[in-house]
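Participant: Here is my input; please provide its structure:
(one chain, ligands or ions: 3)
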Amino acid sequence: MNKLLIRQGTVVTTSGATQADVYVEGETIREIGPGLERKHRGDAPRIIDAQGCYVFPGGIDPHTHFDLPLKTTRTADDFATGSLAALHGGTTTVIDFANQAPGGTLATAIEQWHKLAEGRTACDYAFHVSVTDWNEKTRAEIHECIAKHGIPTFKTFMAYKGTYMIDDARMLEILREVKRAGGLALVHAENGDMIEFLVGELRAAGSLAAPKNHALSHPPIAEAEACGRIIDLARVAGCPLYVVHLSSEDALDRVRLAATHAEASDPPLYVETCIQYLTLDQSRYNLKGFEGARFVLSPPLRAKKDLRALWKGLSKNLIQTVATDHCSFRAEQRELGREDFTKIPNGLAGVEHRLELLYSEGVEGRKISLERFVELSSTAAAKLLGLYPRKGAIAVGSDADLVVFDPNQTHVISAKTHHMNVDYSNYEGWKVKGKVKTVVLRGTVAIEDGQARVAPGFGKYLRREALTR
Ligand code: URP
Ligand code: ZN
Ligand code: ZN
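Facilitator: Ligands and ions are numbered 1, 2, ... in the order given. Predicted coordinates for the structure are as follows:
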């Protein structure tokens, strides 16, 4: 049986940081404490030296899109390249989205995503399902997703009018059914009608060619309005709600308002932001030529004041998780929108850098505690999304998903050295304090000395249970 001992690191969990050894047998953590090296010498475990380093629970990215087909193209990272990049950056579990095709069933979407991921994914993975079409069959399928497929998290869109957008009447039906099933509703909160209206005006003015128009047509108010509305709809339906990729101060204000006036009978409300909204701002849309297109995503990057508000929201626990919404496109794919910004494929690549950026900008830069870092990068997602305590914990019996992190090593992010299948980096030249040194996934060394030691296919699919009931 596989035996591993991580010696003399500072083990960090949400409840504290202590100097300890971690002993692993097979895929799980067997013992945590001092003096384990001597105690287990006879077992001849493989030793990993973590002196001077932190030992974090493997990162969990609750929001990725690998191998996502769009009408005109497909994301650059598939499950193999995306999951290997995730591991390089200390993320050992991702949760991707199986998207229902218009007119299709949820079961078909899940089957399709299993085909894309199985045998190709190097880290562990689970799925959310995106509900884009609502009918009596979908109603029954919500329950089957949990019982049959182990998926209790359902994403809907208030944006992308004409394709994925769900109107309020259908949204209420979905929310009620998700509540009945014991699931959690994930919502992309942007007002699709408002966005269409603004795009229409830009079109009429002949202003389709510049990437910055993406930001102009997706203003914070479109996000704030939808955010406030979905909180109210979820309240009416009694459905637990998780707002994905929240990006603006205005939207966060709606969350604060709801939290301030919450009654005991209200359903839980959780918020996710993404590392790009904490680190990059809308000035990127003014880059020369067509370079701004590399930063097009929905919601778009915001003003510096929004970044400050999000960091504050993290420290006040108005925001519980930090994801990436990893959805990568190469420079030539962005060219699809050179003449018309609405055709630029939306999304940023970040799965490899979430942990290091959150540590560097959060712990080093803004004095976020180590415990909070662990909560934001791993434990909270595991707890809210049904993976805890198997994932998101350094505890006896949990999966041995561990990151040995050197806080003293600095490095610079570059497309020349990253592992994502993208020919540029949204963080090119960004100096980062702290580096992922070794990554262990279920007791197996997955990354060491910058090299992958596991291959695509090593990752396991993680079934989950109903979350509330
Ligand atoms: O621009 C983004 N975020 N693309 C991915 C799809 C989504 O809305 O999450
Ligand atoms: Zn979204
Ligand atoms: Zn997304």
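
Participant: Residue 458 contacts residue 125, doesn't it?
Facilitator: No. With contact defined as CB atoms under 8 Å, residue 458 does not count as touching residue 125 (10.9 Å). The C-beta positions use only the backbone N, C-alpha and C, and glycine is treated the same way.

Participant: So if I had to pick from those two, which one is more boxed in?
Facilitator: residue 125 (26 against 20; other CB atoms under 10 Å).

Participant: And the more buried one, how close does it get to residue 103?
Facilitator: 27 Å (CB to CB, to the nearest Å).

Participant: Kindly report the same for residue 84.
Facilitator: When distance is defined by CB to CB, residue 84 is 34 Å away from residue 103.

Participant: repeat for residue 439
Facilitator: Going from residue 439 to residue 103 by CB to CB gives 41 Å.

Participant: quick one: which of the two has more around it?
Facilitator: The residue with more neighbours, out of residue 439 and residue 103 and counting by other CB under 10 Å, is residue 439; that gives 30 against 8.

Participant: Pull up the residues of the stretch 1-150 of the chain that are close to ligand 1.
Facilitator: residue 65 (CB under 6 Å from any ligand atom).

Participant: which residues in the stretch 1-150 of the chain form helices?
Facilitator: Ranges of helices in the stretch 1-150 of the chain, per DSSP state H, counting those that start in this stretch, are 36-39, 79-88, 106-117, 136-149.

Participant: and what of the stretch 251-400 of the chain?
Facilitator: Going by DSSP H, counting those that start in this stretch, the stretch 251-400 of the chain shows helices at 275-279, 304-315, 331-334, 354-357, 365-366, 370-374, 380-384.

Participant: name the helices or strands packed onto the first one?
Facilitator: Under the contact definition 3 or more CB pairs under 8 Å, 6 or more residues apart in numbering; DSSP states H and E, helix 275-279 sits against helix 304-315, strand 321-323, helix 354-357.

Participant: now with 6 Å?
Facilitator: Packing partners of helix 275-279 (3 or more CB pairs under 6 Å, 6 or more residues apart in numbering; DSSP states H and E): helix 354-357.

Participant: and the helix it packs on, how far from the chain's centre?
Facilitator: 12 Å (CA atoms, centre = their mean, to the nearest Å).

Participant: what's the model's confidence in that helix, averaged?
Facilitator: Average pLDDT, helix 354-357: 98.

Participant: can you list contacts of that helix?
Facilitator: For helix 354-357, contacts defined as CB atoms under 6 Å, 6 or more residues apart in numbering pick out 59, 89, 90, 275, 279, 324, 377, 432, 434.

Participant: Tell me the spacing between the fourth one and residue 182.
Facilitator: Residue 275 sits 30 Å away from residue 182, going by CB to CB.

Participant: Out of the helices of the stretch 1-150 of the chain, which one sits most buried?
Facilitator: Neighbour counts (mean count of other CB atoms under 10 Å) averaged over each of the helices of the stretch 1-150 of the chain peak at helix 79-88, with a mean of 28.

Participant: relative orientation of it and helix 106-117 in degrees?
Facilitator: Inter-element angle recorded for helix 79-88 and helix 106-117: 70 degrees (by axes from the mean of the first three to the mean of the last three CA atoms, to 10 degrees).

Participant: Give me the distance from helix 79-88 to the chain's centre.
Facilitator: Relative to its chain's centre, helix 79-88 lies at 13 Å (CA atoms, centre = their mean).

Participant: Can you tell me which residues in the stretch 201-350 of the chain are near ligand 1?
Facilitator: Within the stretch 201-350 of the chain, the positions adjacent to ligand 1 are 297, 298, 325, 327, 346, 347 by CB under 6 Å from any ligand atom.

Participant: What's the local residue count around the fifth one?
Facilitator: To tie it back to what came earlier, the one meant is residue 346. Neighbouring residues of residue 346 were enumerated by other CB under 10 Å; the total is 19.

Participant: Wait, residue 373 touches residue 363, no?
Facilitator: Yes. Under the criterion of CB atoms under 6 Å, residue 373 makes contact with residue 363 at 5.2 Å.

Participant: which of these two has more neighbours?
Facilitator: Neighbours per residue (other CB under 10 Å) separate residue 373 from residue 363, with residue 373 holding more: 23 against 18.
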